[in-house]
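Colleague: dropping a prediction and its sequence here:
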Amino acid sequence: MVTRIDLGAKTQSPRYAFNPITRRRPVAFPGDRKLALLIYLNIEHVPFGSTGLAHAIYPPTLDLSPDILNHGWRDYGNRVGLWRIADALDKHGLKATVNLNADVTREYPEIIREGNRRGWEWGGQGDNNTSIPTRMTREDEAAFIERSLAIIAQETGHRPRGWLSMCLAESHDTPDLLAAAGIEYVSNYTHDELPVPMTTKSGSLISMPYTLEINDVPTIMGKGTTAEAFGTMIRDQFDVLYAEAEDLPRVMSISVHPFITGHPFRMKHFAAALAYIAGHAGVWPATGGEINDWFRSHFMSPGAQAPWVEA
């Protein structure tokens, strides 16, 4: 008789179940479209004089205060690069899902006015680009989340339904605190191409597809990918997902930062990639909130079937 080996306790994330993409129910997006295009636009504020920025073009000056070199590079995004990206989105009828630092509402109110005029969705991303939830106590993090959401609601007229943490960082409490604050979806997880229900102590939270590959920070800043190659990556990602979506609808997410993608030599290739995608039928240019509503109506409303087929 063979004695069965004890495999021990599972050590996966306790926040979501393992259900591979091969077992998802194929439910079409609105208008019978097959691929949702979700464009995240990260609009951030770095307080003048801050040191040790998460994203810098020249690390040797990061310990200086003020760090004029890196601050100017970041400031370019909100002054110039953002508007270039906005024009490209407008040209193809695309809406942004904005991961917004609450401090932006105080520092750059014109961005808020223009975003509202364009119908952008406002999601929470803390107060500014120096705050990381992992370093906070539970009480401080809860207050941090609520204050950020309340400021954005007050200044934009819309309380965020989505959240992205700086550097995608969380504490063990973050999902529970977000759900308790009324957040419906979180974009910190890059684990799937469709929304996934999360386990929380209260409320209701799902993960929304986010990307670290089709994302200018890790790809361009981290790996040194060229502007042309980044544009090619976007088109290649689209081609594969568009073909796969014939059998199962997918979400294609793109994440850009104005201080990186908003430079002219990068915009040439980013804008061309958007034009390529816009030239295909069956694409749903959606916000995170719209995808959230679609998923909840089909899979989380009373009597709805689960989003996956049991093995």
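Modeller: Nice, I can see it.
Colleague: residues near residue 95, how many?
Modeller: 20 (other C-beta atoms under 10 Å). In this view, the C-beta of every residue, glycine as well, is placed from N, C-alpha and C.
Colleague: is it true that it touches residue 116?
Modeller: No. If you go by C-beta atoms under 8 Å, residue 95 and residue 116 don't touch, sitting 11.8 Å apart.
Colleague: between those two, what contacts are shared?
Modeller: Counting by C-beta atoms under 8 Å, 6 or more residues apart in numbering, no residue touches both residue 95 and residue 116.
Colleague: assumed residue 219 was part of a helix.
Modeller: Yes. Assignment of residue 219 by DSSP: H, G, I helix; E, B strand; the rest coil places it within a helix.
Colleague: tell me the contacts of the residue nearest to residue 263 when sequence neighbours are not counted?
Modeller: Leaving out its chain neighbours, the residue that sits closest to residue 263 by C-beta to C-beta, 6 or more residues apart in numbering is residue 81, at 6.3 Å. The contact partners of residue 81, by C-beta under 8 Å, 6+ apart, come to 258-263.
Colleague: what of residue 190?
Modeller: 168, 209-212.
Colleague: quick one: buried ones out of these?
Modeller: 209-211 (16 or more other C-beta atoms under 10 Å).
Colleague: residue 293: which of those is nearest?
Modeller: Residue 293 lies nearest to residue 209 out of the buried ones among the contacts of residue 190, by C-beta to C-beta, at 15.0 Å.
Colleague: I figured the closest one was touching residue 37, is that so?
Modeller: No. Using C-beta under 8 Å, residue 209 makes no contact with residue 37, being 11.0 Å away.
Colleague: mind listing the shared neighbours of the two?
Modeller: Common neighbours of residue 209 and residue 37 are listed as residue 252 (criterion: C-beta under 8 Å, 6+ apart).
Colleague: what is the mean pLDDT for stretch 145-153?
Modeller: Taken as a whole, stretch 145-153 carries a mean pLDDT of 98.
Colleague: who touches that stretch?
Modeller: By C-beta under 8 Å, 6+ apart, the list of residues contacting stretch 145-153 reads 100, 102, 105-106, 122, 124-127, 133, 158-160, 163, 177-178, 181-183.
Colleague: of those residues, which belong to strands?
Modeller: 100, 122, 124, 163 (DSSP state E).
Colleague: let me see the contact set for the third one.
Modeller: Going back to what we said before, that points to residue 124. Shown in contact with residue 124 (C-beta under 8 Å, 6+ apart): 99-100, 102, 145, 148-149, 152, 160, 162-164, 183.
Colleague: now it: how far from residue 101?
Modeller: From residue 124 across to residue 101, the span is 9 Å (C-beta to C-beta, to the nearest Å).
Colleague: and for the second one?
Modeller: Here the criterion is C-beta to C-beta. By it, residue 122 lies 11 Å from residue 101.
Colleague: show me which of the two is the more surrounded one.
Modeller: Higher neighbour count among residue 122 and residue 101: residue 122, with 30 against 27, using other C-beta under 10 Å.
Colleague: so that one touches residue 158, yeah?
Modeller: Yes. Between residue 122 and residue 158 there is a contact at 5.4 Å, judged by C-beta under 8 Å.
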